[in-house]
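Student: Sequence and predicted model, in that order:
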Amino acid sequence: MGKTANAKHALTPAAAIDRLEAIYAGSCAALARALDRYLATRKAPTSKDRAGFRYPLLRVECRHVGPAGRTRRAFAKFQRPGVYATTVTHPRHFRKYLLEQLEPLVVEYDAEITVDVSAQEIPYPYVLERVEDIGRTGVTASELARHFPTPLLSLVGDEVADGQLEVPEGESRPLALFDAVRVDYSLRRLVHYTGSDWHNVQQWILLTNYHRYVDQFVRWGLARLEQGGPYESLVLPGGAEVRRGCASTVANEMIAASPWHRFQMPAYHLTAREKEGVTLVNIGVGPSNAKNITDHLAVLRPNCWLMVGHCGGLRQSQQIGDYVLAHAYLRQDGILDSLVPPDVPIPALAEVQIALQDAAALVTGEKAETLKQRLRTGTVVTNDDRNWELRYTQERRRINLSRAIAVDMESGTVAANGYRLRVPYGTLLCVSDKPLHGEIKLPGAANAFYERAVTEHLQIGLATLDLLRERRDTLHSRKLRSFDEPPFR
């Protein structure tokens, strides 16, 4: 297609997103009508009907890439001229993100944007949640699958993020890391695992492996709502929402009634405008959980996630309640080895490291040598075996060679998946035991100092997010970009 014909149909970023919203809304409505009709009459959709069940397609064409501009921005860049495309889901929710990606491409590269209907059908479970209605009609899932588009694992994958996608000559290149079916797959998984609507996930995320942090986060969130400020509500697992101005007795009743125990990784959301609040997810124990939740959170393109959990201190000089700021990981979790081999270094992100250290000084009131006595920077061993101590004679040499100062089961996985999926990451752990020095976890072993450390630790994590909000222009590091990176962050 020539320049003149293309320019005729090119859209502004805002108009393109309007068009995406219109196509997506129309497709969802058509799918809902067809399903309602089938449940009432058993009349299956025709091929013409199914042509209306499709995701919108966003296409961006770059005709020329000049000398690399001097910008610190790590996204919205073209590596080469060509046509880039992706299917899009929930464009209204992602509107701000899409504008942030598209506007620089138009301004700096004179890129041309077009929007059309794609060939990819929207699976009906991603649009409709009518299990009870469907069950009452006697219609089975297998029956619906014969007539309506269903999720197909063959269409869901991370080939773009993992650098495994081979683009045939003449076809469009990926515009984003995740297409619509991959995003929708993860959005449904988030609801399943966290027990809350994915719409409530905020752009600033804390991950923890201990429920004490949840208790402190809820208390802190309620206090913030009482004080006013940017936060609007605290959303609990199960969907209950404590709004600003809610009476404390009512809020406490809602918190007590929250069915958090029904969900594998319950999430709590302190919401603010434009998703600028904080989400805390208790991911539990182990690298499988850590990879699982970050695989799914990544499709929402959060600004960062931080691991604030417990670890075993490996140095005699450490005390229970001390902090560990991870600057490297000895990855023995095993779960990402085929995607990010252990010999690939996971770089510490200076922007996050500095914010974590600044926040620790701010919260503790300690500086310089005094702070160093409680906050140690070093390597964290992330293990896939909680009982690694039982093979200490085998582990000792590797721990010694790594100069590790702490051991846990999640941090290396969280960081490696952040590196893999281009989400800025960081780790600040709290020493809960010293397995090499006789201070092991036993019932009732926690002392008052340890209790104080949990509260203070969470405050440091939250203060870090505040600092990163202020410094967001430098947060999305170029360290995370590959040589053949899609234009979108």
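Tutor: Great, that's in hand. Numbering: from 1, shown residues only.

Student: any weak-confidence spans in the stretch 101-250 of the chain?
Tutor: 129-133, 135-136 (pLDDT under 70).

Student: domains of this protein?
Tutor: Listed domain ranges for the chain are 3-184, 191-475 (source: automatic domain parsing).

Student: Show me the one of these that comes nearest residue 481.
Tutor: domain 3-184 (5.9 Å; Cβ to Cβ). The way it works is simple: take the backbone N, C-alpha and C, and place the C-beta from them, glycine included.

Student: quick check, distance from the closest one to the centre of its chain.
Tutor: When C-alpha coordinates are averaged (Cα atoms, centre = their mean, to the nearest Å), domain 3-184 and its chain have centres 20 Å apart.

Student: can you give me the strands in the stretch 301-450 of the chain?
Tutor: Taking DSSP state E, counting those that start in this stretch as the test, the strands found in the stretch 301-450 of the chain are 304-307, 310-313, 323-332, 375-383, 404-408, 425-433.

Student: And the second one, what does it pack against?
Tutor: Pointing back at strand 310-313 there. On a contact count with 3 or more Cβ pairs under 8 Å, 6 or more residues apart in numbering; DSSP states H and E, strand 310-313 meets strand 404-408, strand 425-433.

Student: helices or strands up against the first one?
Tutor: The one in question is strand 404-408. Counting by 3+ Cβ pairs under 8 Å, 6+ apart, strand 404-408 packs on strand 310-313, strand 323-332, strand 375-383, strand 425-433.

Student: Could you pull out the buried residues of stretch 373-391?
Tutor: Within stretch 373-391, the residues scored as buried using 16 or more other Cβ atoms under 10 Å are 374-384, 388.

Student: Out of the domains of the chain, which is the most enclosed?
Tutor: Of all the domains of the chain, domain 191-475 carries the top mean neighbour count, a mean of 19, counting by mean count of other Cβ atoms under 10 Å.

Student: who touches residue 314 in this structure?
Tutor: If you count contacts by Cβ atoms under 8 Å, 6 or more residues apart in numbering, residue 314 has them with 381, 399, 404-407, 434-436.

Student: Over to residue 156?
Tutor: 181-182, 185.

Student: so can I have TSV of those showing distance to residue 426 and secondary structure?
Tutor: Converted to TSV, those look like this (distance: Cβ to Cβ, whole Å; DSSP: H, G, I helix; E, B strand; the rest coil):
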residue	distance to residue 426	secondary structure
181	30	helix
182	25	helix
185	27	helix
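
Student: Just send those residues back as a markdown table, with distance to residue 232 too.
Tutor: Below are the contacts of residue 156 laid out as a markdown table (distance: Cβ to Cβ, whole Å):
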| residue | distance to residue 232 |
| --- | --- |
| 181 | 32 |
| 182 | 30 |
| 185 | 29 |
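
Student: which among the residues you listed gets closest to residue 63?
Tutor: Using Cβ to Cβ, residue 182 comes nearest to residue 63 of the contacts of residue 156, at 28.4 Å.

Student: hang on, isn't the closest one packed against residue 161?
Tutor: No: applying Cβ atoms under 8 Å as the test, residue 182 and residue 161 come out as separate, 9.1 Å apart.

Student: Figure out which of the domains of the chain is closest to residue 488.
Tutor: domain 3-184 (4.0 Å).

Student: and residue 134, how far is that from residue 322?
Tutor: Separation of residue 134 from residue 322 (Cβ to Cβ, to the nearest Å): 54 Å.
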